[in-house]
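Undergrad: No letters, just coordinates:
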């Protein structure tokens, strides 16, 4: 699918500011794809469609979670977490874009998880560091992302967990597993 | 088993300061048991034996984790987490103290978990707030523990997670689930 076609599809789903964010995620992700030798076309499509489901209403997303047999524990967590998993299915069914790697990158872009693919990591971290983002710690992540994307994702997960704790918000298990993954590997080799 | 007999058994397993800590945990736990109408005798034994395995060496604890078929993911985490689960088995095999509620309270006293029994909570929180403890946030937990032991355990879990994050240490999944449990219940009712 051509970039302009994809952008036009997604533009109808998003508010203006979110569409501008999407284009910045795309540009950031493409730079990372170039640096890390990822598939440019798949990264482009994943970035363009990552927030496809963002403005669907909660009841509709809930129906998709049930109908598509997505993990039902999503329903116990904040609806903000639903648009990734739901979007990964919507682009298959509504857009006809069926690519497991693209769907995976869209699925995990908000929560992260352990054992992310390079493409999962690129979309997750591009969404986190695109130039419009401005929150404590984001520059530290930008400073390492071209040297060590694993570490950048870990830092983002840690930052996110600290932010959620400060708000007394729940933390989705996969985010927490992404944080643990790096430390557990080191610990296991010591034990 | 009489209190003095139990204390004498555990005294041989512990350094002096840890034995003094154990007695303070026992006193704190018995006050909570009285307040919350928990079984005094079982709380007493759980408190006395909670750190029974604390000073066993790592290789020995590792063998128990494997032989007793305790969760093998313990081996991926810091050995500090092992003495609870291992202790719960050692008191059955070495002391002959076979009580599922006592073993459970010992098992979970370091990590906590979701769906703790009242006895699990009493030992977990008595260990956290006994008068010898002095760290940021402990007085806030002491202030609520007689009104709302659920909330006290949640605060302790949150504090522990924040502390572990600040040290870039891994967080055992059950600790994190104890933190999430309270928030997830509220969120689920909203969704």
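TA: Structure's in. What do you need? Because the structure is predicted, anything quoted here is derived from the model rather than measured.

Undergrad: what ranges do the helices span in chain A?
TA: With DSSP state H as the criterion, chain A has helices at A:3-11, A:16-36, A:40-49, A:58-67, A:83-93, A:100-107, A:118-129, A:138-144, A:149-166, A:173-190.

Undergrad: Out of those helices, flag the one nearest chain B.
TA: helix A:173-190 (4.1 Å; C-beta to the nearest C-beta). (Glycine included, C-beta is placed from N, CA and C.)

Undergrad: what comes up buried for the closest one?
TA: Within helix A:173-190, the residues that count as buried by 16 or more other C-beta atoms under 10 Å in any protein chain shown are A:173-184, A:187.

Undergrad: Enumerate every residue touching the most centrally placed residue in chain A.
TA: In chain A, the centroid-proximal residue (C-alpha atoms, centre = their mean) is residue A:109; its distance is 1.0 Å. By C-beta atoms under 8 Å, 6 or more residues apart in numbering or on different chains, the contact set of residue A:109 is A:46, A:50, A:84, A:120, A:123, A:124, A:127.

Undergrad: Dump the buried residues of helix A:173-190 to CSV, plus distance to residue A:58 and pLDDT.
TA: CSV is the format used below for these (distance: C-beta to C-beta, whole Å; pLDDT from 0 to 100):
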residue, distance to residue A:58, pLDDT
A:173, 21, 95
A:174, 20, 97
A:175, 20, 97
A:176, 24, 96
A:177, 25, 96
A:178, 25, 97
A:179, 27, 97
A:180, 30, 96
A:181, 30, 95
A:182, 33, 93
A:183, 34, 92
A:184, 34, 87
A:187, 39, 78
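
Undergrad: Which strands or helices does the helix or strand bottoming out on mean pLDDT in chain A pack on?
TA: Least confident helix or strand, chain A: helix A:173-190 with a mean of 90, by mean pLDDT, DSSP states H and E. Contact partners of helix A:173-190 among helices and strands, from 3 or more C-beta pairs under 8 Å, 6 or more residues apart in numbering or on different chains; DSSP states H and E: helix A:149-166, helix B:173-190.

Undergrad: chain center to that helix, what's the gap?
TA: The chain centre lies 19 Å from the centre of helix A:173-190; the measure is C-alpha atoms, centre = their mean, to the nearest Å.

Undergrad: Give me the distance between residue A:14 and chain B.
TA: Distance of residue A:14 to chain B, computed by C-beta to the nearest C-beta, to the nearest Å: 23 Å.

Undergrad: Around chain B, which positions in chain A sit nearby?
TA: Residues of chain A lying close to chain B by C-beta under 8 Å from any C-beta of the partner chain are A:58, A:62, A:75-79, A:158, A:161-162, A:165, A:168-171, A:173, A:176-177, A:179-180, A:183-184, A:187-188, A:191.

Undergrad: give me the low-pLDDT residue ranges for chain A?
TA: By pLDDT under 70, chain A has no low-scoring segment.

Undergrad: For it, identify the residue most remote from the centre.
TA: Distance from the C-alpha centroid of chain A, by C-alpha atoms, centre = their mean, peaks at residue A:191 (32.9 Å).

Undergrad: Tell me how many other residues crowd residue A:16.
TA: 8 (other C-beta atoms under 10 Å in any protein chain shown).

Undergrad: For residue A:108, give its distance to residue B:4.
TA: Distance from residue A:108 to residue B:4, counting by C-beta to C-beta, to the nearest Å: 57 Å.

Undergrad: if we can go back for a sec, will you turn the contacts of residue A:109 into CSV that also has neighbour count?
TA: Formatted as CSV, the contacts of residue A:109 follow (neighbours: other C-beta atoms under 10 Å in any protein chain shown):
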residue, neighbour count
A:46, 32
A:50, 31
A:84, 26
A:120, 21
A:123, 32
A:124, 27
A:127, 23
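
Undergrad: from these, which is closest to residue B:16?
TA: For the contacts of residue A:109, the closest approach to residue B:16 (C-beta to C-beta) belongs to residue A:124, at 49.9 Å.

Undergrad: The closest one touches residue A:107, doesn't it?
TA: No - counting by C-beta atoms under 8 Å, residue A:124 sits too far from residue A:107 to count as a contact (10.4 Å).

Undergrad: List the contacts of the spatially closest residue to the residue farthest from the centre of chain A that is not a sequence neighbour.
TA: Closest residue to residue A:191 apart from its sequence neighbours, by C-beta to C-beta, 6 or more residues apart in numbering or on different chains: residue B:75 at 5.5 Å. Contacts for residue B:75 (C-beta under 8 Å, 6+ apart) come out as A:188, A:191, B:62, B:65.

Undergrad: could I get the helices and strands packed on helix A:173-190 as TSV with distance to residue B:88?
TA: Formatted as TSV, the helices and strands packed on helix A:173-190 follow (distance: least, C-beta to C-beta, whole Å):
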stretch	distance to residue B:88
helix A:149-166	29
helix B:173-190	14
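
Undergrad: Out of these, which gets nearest to residue B:23?
TA: Between residue B:23 and the helices and strands packed on helix A:173-190, the tightest spacing by C-beta to C-beta is seen for helix B:173-190, at 25.7 Å.

Undergrad: what sits up against that closest one?
TA: By C-beta under 8 Å, 6+ apart, helix B:173-190 touches A:75-78, A:165, A:168-171, A:173, A:176-177, A:180, B:73, B:108, B:111-116, B:150-151, B:153-154, B:157-158, B:160-161.
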